[in-house]
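*Asks:* Sequence first, then the predicted structure, then my questions.
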Amino acid sequence: MKMLQSASLLLAIGSVLAGCQSSQSRQEQLAAICANPGNREPGTAYFSECQTLYPSSDQQLQKNYQLGSPTRN
């Protein structure tokens, strides 16, 4: 029983430590991901995060809005 508790505790601590990430490390990873313009397109998994590093211009926002708006039949 004691061994099971110790193993559970170690697993929990390992999970917490693995989830911790310095903000500098996260910024470096995000910069590498967002360097690819495809990841900065609306609808991609990283779009909102990449907006913090590479905000869209007014012209790009307008273009995205027009492309996403419904069309008339």
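*Replies:* Now that the structure is in, tell me what you want to look at. Residues are numbered from 1 along each chain as shown.
*Asks:* C-alpha from now on. contacts and neighbour counts both.
*Replies:* OK.
*Asks:* what about Ala35, how many residues close to it?
*Replies:* 13 (other C-alpha atoms under 10 Å).
*Asks:* And it, how close does it get to Gln29?
*Replies:* Distance, Ala35 to Gln29, using C-alpha to C-alpha, to the nearest Å: 10 Å.
*Asks:* Could you do Pro55 as well?
*Replies:* For Pro55 relative to Gln29 (C-alpha to C-alpha), the value is 17 Å.
*Asks:* Check Ala12 too.
*Replies:* 25 Å.
*Asks:* one step back: so which of Pro55 and Gln29 has more stuff around it?
*Replies:* A side-by-side neighbour count of Pro55 and Gln29, using other C-alpha under 10 Å, places Pro55 first with 14 against 11.
*Asks:* Assign the more buried one to helix, strand or coil.
*Replies:* For Pro55, the assignment made with DSSP: H, G, I helix; E, B strand; the rest coil gives coil.
*Asks:* Next up, phi/psi of it, please.
*Replies:* In terms of degrees, to the nearest 10, the main-chain angles of Pro55 are phi -60, psi 140.
*Asks:* Where do the strands of the chain begin and end?
*Replies:* Along the chain, no stretch is classed among the strands by DSSP state E.
*Asks:* Low-confidence regions, it specifically.
*Replies:* Low-confidence segments of the chain, defined by pLDDT under 70: 14-21, 69-73.
*Asks:* Please repeat the previous calculation with a cut-off of 90.
*Replies:* 1-31, 36-57, 60-73 (pLDDT under 90).
*Asks:* which residues in it form helices?
*Replies:* If DSSP state H is used as the criterion, the helices of the chain fall at 2-19, 23-34, 47-53, 58-68.
*Asks:* Ok, which of those comes nearest Glu41?
*Replies:* When the helices of the chain are compared by C-alpha to C-alpha, helix 47-53 sits nearest Glu41, at 6.0 Å.
*Asks:* For the closest one, give me every contacting residue.
*Replies:* Leu30, Ala31, Cys34, Asn39, Arg40, Glu41 (C-alpha atoms under 8 Å, 6 or more residues apart in numbering).
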